[in-house]
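Participant: okay, predicted coordinates and the sequence, questions at the end:
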Amino acid sequence: MAGDAEVPGRGAARLKKALAFMSLPPYASESQVRSRYRELLRLNHPDKGGTPDQFRRVQACYKFLLERLGGKGREDGGAAAEDIAEAPRETKVDDARAIRQGQEDAQRVVLGSDLRSLGDEAFEEGDYARAVECYGAALAHSRFDARSGHADLLFGRARAHLALGNDEKAASDARRAAESRPIWADAWALAGHAQVKAGDFVGARASLERAVGLLGGEEGDLAKRALEDLATARAAVEQEFCKLALGGHGGAVTQASFLPEGPVLKGTLGSRMGGRRILATAGMDGAVRIFATATGELLHQLKGHTAPITSIAWCPDGEGVLVSASEDGTARVWRLEEEGSCRLLKTISGHEASVTRVCFDKFGAAFATTSEDRTACVWDSETGLLAHRLEGHSGGVNWAAFHPTGRSVCTASDDATARVWDLAGDATEPGRCVHTLEWGDGRATSAEYTPDGRFVVMVTKKSGAVNPFYRMLLFSSVSGRICCWLD
């Protein structure tokens with residue numbers, strides 16, 4: 001008899017604890033239990049900030065109370081309620097993992113917010129296939145606009161793919177992670193490492209150069225591995241794609257340009273020497289070197305400038321006239337002869353500071369020079385005499401480009417503007433500015449006409465905390481109005 005009395009007693013105590021846990025009155029109806037259960041689910045679901053243990057206790061209490069209200073309670077009073085109403089017991093690691101994976105009850109609720117942690121655990125345990133699965137499921141639930149978390153998931157899956165030997169998938173995920181967080185050196189380094197293993201050496205070189213630039217000379221395992229991978233990628237690119245190495249400069253090469261054959265006249269020097277593929281290179285050592293790239297032979301080394309050369313340009317008529325511009329404030333006009341000689345025709349001295357660029361018009365009748373002295377000059381190609389001095393910029397002039405007709409020229413400056421100058425007097429006096437093109441800030445690094453001459457494309461560069469910010473702007477060359485821009 002004593003034993004029979006104890007059973008209902010224990011059941012009554014557990015019922016009381018279950019009702020108290022769910023904050024229900026002793027006379028709660030089935031509808032009240034169901035309503036309260038839904039509220040507690042919303043409050044305690046792990047995706048809403050609750051814990052798996054608390055979520056399990058709510059479900060067990062709900063099941064126990066329904067059994068009691070329906071008259072289906074077990075003789076022992078329902079062990080499940082005791083599990084919930086009593087203090088939480090110590091849970092084994094395997095049980096906890098099963099709960100996190102949504103196996104805690106027949107409903108198999110998937111706890112999306114914990115999938116990344118599951119992926120991290122699987123990776124640390126060496127179960128890379130499971131890590132890929134967990135990271136992939138988390139990515140399916142993640143918000144792309146939450147870029148930091150999205151990038152972390154891609155980075156984790158890339159590591160798992162790399163461990164499995166899926167190099168191309170690893171490279172793709174790491175690259176996407178890096179593009180989501182452009183200043184994350186780890187992602188760029190991982191992308192480059194995966195691309196090296198996948199055999200994409202050109203892509204690897206770009207990714208690793210980005211990583212090394214972001215690391216900024218730091219020391220450590222990441223920087224060391226990135227530099228090693230970068231050396232591997234560069235060597236592979238050189239071995240695969242380099243057909244000829246031309247050396248000899250005592251410093252960096254600033255520009256290289258092939259001798260044109262000439263678009264109009266036949267029998268020009270360029271066309272006669274076309275098989276030799278004549279190339280001119282400019283260097284920081286102040287010299288111009290001319291090569292026959294068909295054989296790799298050095299034909300000439302042109303000296304005379306006293307400072308690094310910033311720009312070179314061949315006359316487009318193909319007759320072998322070359323102009324070099326230098327930081328010494330001068331431009332020099334050279335002529336290549338077919339018999340093998342190359343002589344200096346004229347030294348142009350019209351600027352008070354470094355000459356930044358030289359360019360010819362389409363027909364080779366004139367060439368322009370720009371300078372840090374805030375001016376640009378247009379010169380007659382045949383005589384070497386000054387035709388126009390273009391003044392008006394408030395900063396150094398970086399670029400000049402002729403209109404396809406040669407009747408106007410556009411310049412770009414550090415003052416964040418580009419200017420269109422009338423050379424033929426079509427709209428105003430020759431040599432006057434007809435349009436000032438500006439939008440926003442950032443130094444204007446270049447400006448070019450479109451092939452039909454209707455538009456001017458200007459590029460600006462603004463310094464940033466880590467990387468510079470570039471903008472491309474399209475203006476009408478007729479009205480000077482902006483048409484569109486790309487950031």
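Facilitator: Sure thing, it's come through.
Participant: what is the burial count for Ile309?
Facilitator: Ile309 has 29 neighbouring residues, counting by other C-beta atoms under 10 Å. Bear in mind the C-beta positions are built from the backbone N, C-alpha and C, glycine included.
Participant: domain parsing for the protein?
Facilitator: By the assignment in automatic domain parsing, the chain contains the domains 2-110, 117-241, 253-486.
Participant: so which of the ones you listed comes closest to Gly247?
Facilitator: Smallest distance to Gly247 across the domains of the chain (C-beta to C-beta): 9.2 Å, for domain 253-486.
Participant: how far away from the center of its chain is the closest one?
Facilitator: On the basis of C-alpha atoms, centre = their mean, to the nearest Å, domain 253-486 sits 29 Å off its chain's mean C-alpha point.
Participant: ok, which stretches of the protein are helices?
Facilitator: Listed in chain order, the helices of the chain (DSSP state H) span 2-21, 30-44, 52-69, 79-85, 93-100, 115-124, 128-141, 147-164, 167-180, 185-198, 201-215, 221-241, 269-272.
Participant: need the contact partners of the shortest one.
Facilitator: In other words, helix 269-272. With contacts defined as C-beta atoms under 8 Å, 6 or more residues apart in numbering, helix 269-272 is touched by 259-262, 278, 318-320, 336-338.
Participant: and it, which residues are buried?
Facilitator: 269-270 (16 or more other C-beta atoms under 10 Å).
Participant: what mean pLDDT does it get?
Facilitator: Taken as a whole, helix 269-272 carries a mean pLDDT of 82.
Participant: with the longest one instead?
Facilitator: The predicted model gives helix 221-241 an average pLDDT of 92.
Participant: show me what it is packed up against.
Facilitator: helix 185-198, helix 201-215 (3 or more C-beta pairs under 8 Å, 6 or more residues apart in numbering; DSSP states H and E).
Participant: tilt between the last one and helix 185-198?
Facilitator: Here helix 201-215 runs at an angle of 160 degrees relative to helix 185-198 (axes from the mean of the first three to the mean of the last three C-alpha atoms, to 10 degrees).
Participant: buried sites along helix 201-215?
Facilitator: Residues of helix 201-215 classed as buried: 201, 203-212, 214-215 (neighbour count, 16+ other C-beta under 10 Å).
Participant: the stretch 201-350 of the chain: strands as residue ranges?
Facilitator: In the stretch 201-350 of the chain, the strands defined using DSSP state E, counting those that start in this stretch lie at 253-258, 278-283, 288-292, 297-302, 309-314, 321-326, 331-336, 342-348.
Participant: now distance to Leu390 too, for those, in a markdown table please.
Facilitator: Supplementary listing: those in a markdown table, determined by distance: least, C-beta to C-beta, whole Å:
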| stretch | distance to Leu390 |
| --- | --- |
| strand 253-258 | 23 |
| strand 278-283 | 24 |
| strand 288-292 | 26 |
| strand 297-302 | 28 |
| strand 309-314 | 17 |
| strand 321-326 | 16 |
| strand 331-336 | 15 |
| strand 342-348 | 15 |
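Participant: could the ones you listed go into TSV alongside distance to Cys433 and mean pLDDT?
Facilitator: Shown next, in TSV, are the strands of the stretch 201-350 of the chain (distance: least, C-beta to C-beta, whole Å; pLDDT from 0 to 100):
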stretch	distance to Cys433	mean pLDDT
strand 253-258	28	94
strand 278-283	30	94
strand 288-292	33	94
strand 297-302	35	93
strand 309-314	23	97
strand 321-326	22	96
strand 331-336	23	95
strand 342-348	23	94
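Participant: buried deepest among these, which one?
Facilitator: Comparing the strands of the stretch 201-350 of the chain by mean neighbour count (mean count of other C-beta atoms under 10 Å), strand 321-326 ranks first with a mean of 25.
Participant: adjacent strands (with direction) for that strand?
Facilitator: Sheet pairing of strand 321-326 (DSSP bridges) gives strand 309-314 (antiparallel), strand 331-336 (antiparallel).
Participant: got a markdown table for those strands, with distance to Leu244 too?
Facilitator: Shown next, in a markdown table, are these (distance: least, C-beta to C-beta, whole Å):
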| stretch | distance to Leu244 |
| --- | --- |
| strand 309-314 | 19 |
| strand 331-336 | 20 |
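Participant: looking at those strands, which is closest to Asp452?
Facilitator: Comparing the strands paired with strand 321-326 by C-beta to C-beta, strand 309-314 comes nearest, at 22.4 Å.
Participant: Gly425: which of the buried residues of helix 201-215 is nearest?
Facilitator: Ala206 (47.3 Å).
Participant: so how far is Ala189 from the closest one?
Facilitator: Ala206 is 12 Å from Ala189, where distance means C-beta to C-beta, to the nearest Å.
Participant: cool, Arg272 as well?
Facilitator: 50 Å.
Participant: what's the answer for Pro451, then?
Facilitator: Distance, Pro451 to Ala189, by C-beta to C-beta: 41 Å.
Participant: same check on Leu474?
Facilitator: Counting by C-beta to C-beta - Leu474 and Ala189 are separated by 36 Å.
Participant: could you list the low-pLDDT ranges of the protein?
Facilitator: 1-11, 70-114, 143-148, 263-265, 465-467 (pLDDT under 70).
Participant: would you mark the buried spots in stretch 168-184?
Facilitator: Using 16+ other C-beta under 10 Å as the test for burial, stretch 168-184 gives 169-178, 180-181, 184.
Participant: contact partners of it?
Facilitator: 147-148, 150-152, 154-155, 157-159, 161-162, 187-188, 190-191, 194-195, 197-198, 200, 203, 207, 210, 214, 466-467.
Participant: before we move on, what about stretch 376-384?
Facilitator: Contacts of stretch 376-384 (C-beta under 8 Å, 6+ apart): 315, 321, 333, 345-346, 348, 350-351, 360, 364-371, 385-390, 393, 397, 400, 409, 411, 421, 423, 431.
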